[in-house]
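>>> Sequence first, predicted model second:
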Amino acid sequence: MEKENLKLTSSEIGSLWGEYVNGTAVDIVNRYMVSIIEDEQIKAVFEDAIKTFEKQKQQIVTFMKNEGFPVPIGFTESDLFKGKQRLFTDIFCLNYLHIMTLHGLLGHTTSLGVSVREDLRYFYDSCDNDGKRMYHQTIDLLLAKGSFQRDPLFYPAKNPEYVSSQDFKDGIFGKGRMLAATEIISISFNLKKSIMAKTLSIAFSQVAQTKEVRKFLMDSEKTADGQIKSFTKIMQTDNLPAPKSLETEVTTSTDSPFSDKLMLYHIGFLFQAAQAYHGAGLASAMRTDLVATYESTILQNLMVTKKWFNIMVQNKWLEQPPLAPNRKEIAKEK
């Protein structure tokens, strides 16, 4: 079969659907942030991000329309309330774009991994290149502003060594060893994601318009805070620094720039995405205290996403992705 005649598979349609919905959610936040940012260098990076997604969005729409699938609703200008008071500092906005870029890079790589058709593969390849460009820009700017906290430094050992004791996996009763560099990858990564989720939960809870959404956001802030404390304690026990918090980068504004639907979706997305990172951390953990912490964190996130799902469905805010055909129902219609 000719390459251009290949129909998109369910996985390929699913990836496009997810990229559109998640992308429009972040894009609305980016559009608000660019309207309040005062630093011209930071504003320029956000303007680049907005233009980049607009190009990607148009391509996604073309892919879906050509296959006869309805374009998702996602999030639109109706979810953005312009002219509202400033909710974030410039530095928080830059940190937000950096973290969302990390999520985007993972999403593009996953989408590329399930894509077969050539035009779709090259589309995600270009998305990945856009994400890498944004990654470099955000890190360079955070470093220039003195606001990027690097991971802990290790001092080199004289020679390579093999594990020589079962104590290597014991981190609860004090007989074990110090954290391995391979374990700190996930700990640091997860801490940064949890710090962002906590800070956004605090900000969104200040401006949420309904009690139900406000309570969920306050609860999600407590969950994220507990997870931050658990991983921070593990780091500090080994005399290693943990990433700094971002709460002070949120103003005291109670004037909402976003719809409750957007804010609730955004926090749900962060907790759902975190499961992949926590799962990777669990897989690489070789100390029992780390394993226990990851297992507890994954369970907590499942509870948060269950509450999130219920509120989204009750308010008719959760858009349904394309479903497999129900053959039994089709047969009944005859």
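Received, thanks.
>>> For the closest residue to residue 218 other than its chain neighbours, pull up the helix or strand it's in.
On the basis of CB to CB, 6 or more residues apart in numbering, the spatially nearest residue to residue 218 that is not a chain neighbour turns out to be residue 205, at 5.0 Å. C-beta here means a position set from N, CA and C on the backbone, and glycine is covered the same way. Taking DSSP states H and E as the definition, one finds residue 205 inside helix 181-207.
>>> Contact partners for residue 210?
residue 260 (CB atoms under 8 Å, 6 or more residues apart in numbering).
>>> if I look at it, how far off is residue 7?
42 Å (CB to CB, to the nearest Å).
>>> What residues of the helix holding residue 205 count as buried?
183-184, 186-207 (16 or more other CB atoms under 10 Å).
>>> helices or strands next to the next helix or strand after it in the packing?
Proceeding N to C from helix 181-207, the next assigned helix or strand is helix 211-237, under DSSP H and E. Here helix 211-237 touches helix 181-207, helix 260-284, helix 288-314, going by 3 or more CB pairs under 8 Å, 6 or more residues apart in numbering; DSSP states H and E.
>>> pLDDT on the second one, on average?
Confidence over helix 260-284 (mean pLDDT, whole number) is 94.
>>> Pull the number of nearby residues for the residue nearest to residue 192 when sequence neighbours are not counted.
Counting by CB to CB, 6+ apart, residue 192 lies nearest to residue 243, which is 5.3 Å off, once chain neighbours are set aside. Residue 243 has 20 neighbours, counted by other CB atoms under 10 Å.
>>> With the one 5 residues further on instead?
If you count neighbours by other CB under 10 Å, residue 248 ends up with 11.
>>> quick one: it and residue 203, what's the gap?
For residue 248, the distance to residue 203 equals 12 Å [CB to CB].
>>> ok, back up a step: any idea how far the residue nearest to residue 218 is from residue 131?
From residue 205 over to residue 131 (counting by CB to CB), the distance is 29 Å.
>>> How about residue 224?
From residue 224 across to residue 131, the span is 24 Å (CB to CB).
>>> Please apply the same query to residue 121.
15 Å.
>>> try residue 321
22 Å.
>>> who has more neighbours, these two?
Under the neighbour definition other CB under 10 Å, residue 321 and residue 131 were set side by side, and residue 131 has more, 22 against 11.
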